[in-house]
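> Everything below, folded, please.
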Amino acid sequence: MKNRSDSRLTAADFRRIALGLEGAVEGSHMGSADFRVGGRIFATLASEDQGYGNVKLTPEQQAEFVRELPEVFLPVHGGWGKTGMTHIRLAEANEDVLAGALRAAWTLRVERNATAQNKRTRKRA
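So this is what the prediction gives:
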């Protein structure tokens, strides 16, 4: 396991951890790697060139992550950030923090997928 004292996390680490989550697959959105579960995005490497990974959280989760570790997390600029899209400074994160953020985003996506599926099922009935 990596931490700040032995090496910096990279996009490869982000990818490895994201793809280690159950049902996660890599796709592409607007020319950048994204990570999906149930066909829906929970994380991206859209800001990889800036040293960031991105996770899709709720605004409340985002505020909590930013409050607890402002040196690691910051909202994505503009409207996406207001909806919960959050940058992770890979060089400042350790593996546990990165894994926790990716798991939070994955869990939120799985829950939202299940809610959407339930609504579709009820609509058909």
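> ok, and for the strand or helix carrying residue 104, which residues are buried?
In this structure, residue 104 sits in helix 95-124 according to DSSP states H and E. Residues of helix 95-124 classed as buried by neighbour count (16 or more other Cβ atoms under 10 Å): 97-99, 101-106, 108-110, 112-113. Backbone N, C-alpha and C define where each C-beta goes, glycine included.
> now residue 44, which residues is it bridged with?
Listed beta-bridge partners, residue 44: residue 34, residue 54 (assigned using DSSP bridges).
> ok, back up a step: with respect to residue 13, which of the buried residues of helix 95-124 is nearest?
In terms of Cβ to Cβ, no member of the buried residues of helix 95-124 lies closer to residue 13 than residue 98, at 6.8 Å.
> Quick check: the closest one vs residue 22, distance?
17 Å (Cβ to Cβ, to the nearest Å).
> do residue 85 as well
Distance from residue 85 to residue 22, counting by Cβ to Cβ: 22 Å.
> Which one's more surrounded, these two?
Set residue 85 next to residue 22 and count neighbours by other Cβ atoms under 10 Å: residue 85 wins out with 24 against 7.
> residues touching the nearest residue to that one once chain neighbours are set aside, list them.
The shortest distance from residue 85 to any non-neighbouring residue, by Cβ to Cβ, 6 or more residues apart in numbering, is to residue 76 (4.2 Å). Counting by Cβ atoms under 8 Å, 6 or more residues apart in numbering, residue 76 touches 47, 54, 85, 86, 87.
> Now intersect those with the strands, please.
Among those, the members falling in strands (DSSP state E) are 54, 85, 86, 87.
> Now tabulate those residues in JSON lines and tack on distance to residue 70 and pLDDT.
Below are the ones in strands among the contacts of residue 76 laid out as JSON lines (distance: Cβ to Cβ, whole Å; pLDDT from 0 to 100):
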{"residue": "54", "distance to residue 70": "16", "pLDDT": "98"}
{"residue": "85", "distance to residue 70": "17", "pLDDT": "97"}
{"residue": "86", "distance to residue 70": "12", "pLDDT": "98"}
{"residue": "87", "distance to residue 70": "11", "pLDDT": "98"}
